Each structure stands twice: as structure tokens, then as C-alpha cells.
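Output the structure for:
(one chain, ligands or ions: 1)
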Amino acid sequence: MNPCIPLLLLLPAAAAVLAPPAGKVVVVLLGPPGGGKGTQAEFITKKYGLPPISTGELLRAEVEQATPLGRRIQGVMAKGELVSDEIVNALVEQRISQPDAARGFILDGYPRTVEQARFLDTLLPRKGFPRPVVIVLKAPVEAIVSRLASRGRADDKPEVVRERIAVYERQTAPLIEYYTGAGRHDIDGLGTPEEVFARIDRVLAPKAGR
Ligand code: ADP
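From the prediction side, this is the model:
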């Protein structure tokens with residue numbers, strides 16, 4: 001038999017491994033607490049049909065179940081600190097493996113540490129997803145504090161908010177560097193939610209084939 005034929009047969013398989021998975025979109029929303037990530041995730045979901053995955057929500061759901069793990073998480077969140085990378089990474093891996101995330105998803109509040117970003121870099125190709133489109137929402141601290149004051153969640157008390165902003169500056173802001181030149185887009189987070197979404201949409205539309 002012609003030795004070229006088995007090689008030719010292998011070509012489509014090789015292409016499937018090397019080419020980025022077609023038609024899937026992973027969006028990472030980065031930005032300070034109260035920076036509007038949740039609101040923008042809703043807009044993206046509405047237009048692109050990608051499910052929003054908020055690690056804050058996943059963790060609050062865990063707390064509600066009042067399991068021993070939930071109680072530990074609750075203590076950490078109440079102080080405005082970060083839950084361990086190990087716990088959050090496992091929750092995200094489980095969540096993105098659900099059928100509704102098969103075409104892609106929006107990550108809100110994850111990754112939050114360089115360690116989490118490294119994990120995501122291995123998780124996405126392992127699950128057949130392309131590199132993420134990273135959207136950084138820029139918002140000044142004053143805007144954040146007043147937005148959070150009007151929200152009224154348990155960890156939105158002024159002293160906890162201050163700690164969450166400090167944690168952001170220390171652990172999450174370095175991620176902006178991490179994603180430099182790797183599909184990162186900085187977006188002005190000031191203005192109405194619709195105005196901010198229009199800026200994000202200009203980035204996403206071509207990537208999602210719209
Ligand atoms: P916000 O963006 O307003 O801070 P979130 O709902 O994203 O609200 O997060 C609330 C809390 O949940 C955080 O202060 C932290 O304790 C915990 N948390 C959320 N996401 C992560 C994460 N990726 N890693 C560690 N802790 C997290």
C-alpha cells in the first residue's frame with residue numbers, strides 16, 4: 001500500500017488538535033469588585049447565549065448548602081478574603097463541564113489570582129476550549145464604593161469592601177499584566193451599562209462571528 005495514504009488519513013485528526021476549536025468563545029471578565037462584571041455578563045449572555053459563570057455565585061450556593069465546606073467558605077468570604085485556589089478551581093472545572101457550557105461561557109470573578117489563571121490555561125485546552133477573550137473593565141475606586149453601597153450584600157459593608165478592594169489590588173490586578181498581549185482588551189467601565197456593553201460588543205462581535 002502507498003505509505004502516503006495512512007498519513008493523509010491522519011491529517012484531519014492532526015488539524016483538529018492543532019486548530020483552535022471552532023465556534024466556541026470563552027470570555028474572562030476582569031475588574032474590581034463592583035466594577036460592573038455581573039451586569040455586563042448579563043448583556044453578553046443575552047446577545048451571545050453564553051452562560052455566565054460567577055465564582056462568587058458558585059461559592060454563595062455552596063455556603064447556602066451549609067456543608068462543612070460551605071461553612072469554611074462563608075468565614076473567608078465574610079472577611080473579604082479570597083477562597084483557596086484549590087476549591088475555586090475545582091468548582092470552575094465542574095461548572096464548565098456542564099452541557100450548557102459546551103459552546104463557551106463567560107467567567108465573572110475568575111481567575112482572581114495568577115495561580116488560578118495558570119490553572120485556567122491548562123483547563124481550557126484540556127476541555128477543548130480556545131484561549132479566552134480577556135475583557136478588563138476599568139473603573140475608579142470612588143465609582144466602585146458607591147455602586148457597592150447601593151447593592152447591600154452581606155460582604156458589602158464598608159470595612160469588608162475596603163478589604164476586597166485591597167485584595168483586588170494585591171492579587172487580581174497582577175493578572176492584567178499576566179494577560180498582556182494575550183487577547184486582553186481594556187474597556188472603560190464608566191457610563192451606563194448599555195454604553196459599556198457597546199464597547200465590549202465591538203470586541204466580541206468579530207470573535208463570535210457576528
Ligand atoms: P465582587 O466581584 O463584587 O467582589 P464576587 O461575587 O465576585 O463579588 O465575590 C465575592 C467573594 O467571593 C470574594 O470577596 C471572595 O471571597 C469570593 N470569591 C469569588 N471569586 C473568587 C475567586 N475566583 N477566588 C477566590 N475567591 C473568590
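
what separates whatever residue of the chain ends up closest to the ligand from residue 88, distance-wise?
The chain approaches the ligand most closely through residue 56 (1.7 Å), counting by CB to the nearest ligand atom. C-betas here are computed from N, CA, C, even on glycine. Distance check for residue 56 against residue 88: by CB to CB, to the nearest Å, it reads 10 Å.

what residues are up against residue 133?
The neighbours of residue 133, taking CB atoms under 8 Å, 6 or more residues apart in numbering as the test, are 25-28, 183, 185, 203-204, 207.

Next, the residue nearest to the spatial centre of the chain: secondary structure please.
Nearest to the mean C-alpha position of the chain, by CA atoms, centre = their mean, lies residue 107 at 2.3 Å. Three-state call for residue 107 (DSSP: H, G, I helix; E, B strand; the rest coil): strand.

Now do the contacts for it.
Residue 107 touches 26-29, 53, 55, 92, 120, 132, counting by CB under 8 Å, 6+ apart.

likewise residue 85?
By CB under 8 Å, 6+ apart, the contact set of residue 85 is 113, 115-116, 119.

Go again with 6 Å.
113, 115-116 (CB atoms under 6 Å, 6 or more residues apart in numbering).

Find the nearest non-adjacent residue to it, please.
Leaving aside its sequence neighbours, residue 85 sits nearest to residue 115 (CB to CB, 6 or more residues apart in numbering; 4.6 Å).

Residue 129 now?
residue 26 (5.2 Å).

that's a strand at the one you found, yeah?
Yes. Assessed with three-state DSSP, residue 26 lies in a strand.

number of nearby residues for it?
24 (other CB atoms under 10 Å).

For it, report the pLDDT, please.
Residue 26 is assigned a predicted lDDT (pLDDT) of 97.

follow-up on the earlier one: pLDDT at the residue nearest to residue 85, what is it?
96.

same thing with residue 77?
At residue 77, the predicted lDDT confidence score is 96.

just the one 10 residues further on next, same as before
Looking at residue 87, its pLDDT stands at 97.

Could you give the secondary structure assignment for it?
Look at residue 87: counting by three-state DSSP, its state is helix.

That one: how many residues sit nearby?
Residue 87 has 18 neighbouring residues, counting by other CB under 10 Å.
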